[in-house]
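Enquirer: Next comes the sequence, and after it the predicted model I'd like to discuss.
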Amino acid sequence: MAKVFLLLLILLGASLYFPQTRPVVLDIFAPVANPLLAWQTKAEMDRIGTTLQALNRRGAELPSPGVNFHAWMGSTFYGPDRTDGWGVDYTLRAWQDSVAIISNGPDLEVGTADDILLTVLIQRRRRSR
């Protein structure tokens, strides 16, 4: 019985890994999968935030929201880490003292209650006069 359970778990993991099968599996297992995918997404967002803070500490230019951020994600992270647990690209918002990494969450829609947001404080460099 344990072998069957392990095999099913491996098949579920493999089907979630590939973007083509992810929507079908998510519809079936949404009540169980969404909390797990949210946890995975938060962990990935923490890794993205840590990487942005490290760039900022080194004085490197941070990616700007939009195409520049998506290009940076593509060159910095590989495979499914470029997208959230539901296979959607992360979004970046920037303010003077912080940036936010945003996932649309399980409903895949922008600006709803299930969105996941991580705010990272940054230091803007003052220009020498």
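Expert: Right, received. Where do you want to start?
Enquirer: Spatially central, which residue of the chain would that be?
Expert: residue 84 (3.8 Å; CA atoms, centre = their mean).
Enquirer: so where's the protein shaky on pLDDT?
Expert: Scanning the chain for pLDDT under 70 picks out 80, 125-129.
Enquirer: just so I have it, where are all the strands in it?
Expert: Ranges of strands in the chain, per DSSP state E, are 91-94, 98-103, 116-121.
Enquirer: what sits against the residue nearest to the centre of the chain?
Expert: 37, 41, 44, 45, 90, 103, 104, 105, 116 (CB atoms under 8 Å, 6 or more residues apart in numbering). For the C-beta atoms, the positions are set from N, CA and C on the backbone; glycine is no exception.
Enquirer: Kindly recompute the last result at 7 Å.
Expert: 41, 90, 103 (CB atoms under 7 Å, 6 or more residues apart in numbering).
Enquirer: Among those residues, which one has the most neighbours?
Expert: residue 103 (25 neighbours; other CB atoms under 10 Å).
Enquirer: so it makes contact with residue 41?
Expert: Yes. Under the criterion of CB atoms under 7 Å, residue 103 makes contact with residue 41 at 5.0 Å.
Enquirer: where do the contact lists of those two overlap?
Expert: 84, 116.
Enquirer: Tell me where this structure has helices.
Expert: 2-17, 22-57, 67-76 (DSSP state H).
Enquirer: Tell me which of those approaches residue 112 most closely.
Expert: Among the helices of the chain, helix 22-57 comes nearest to residue 112, with 13.4 Å by CB to CB.
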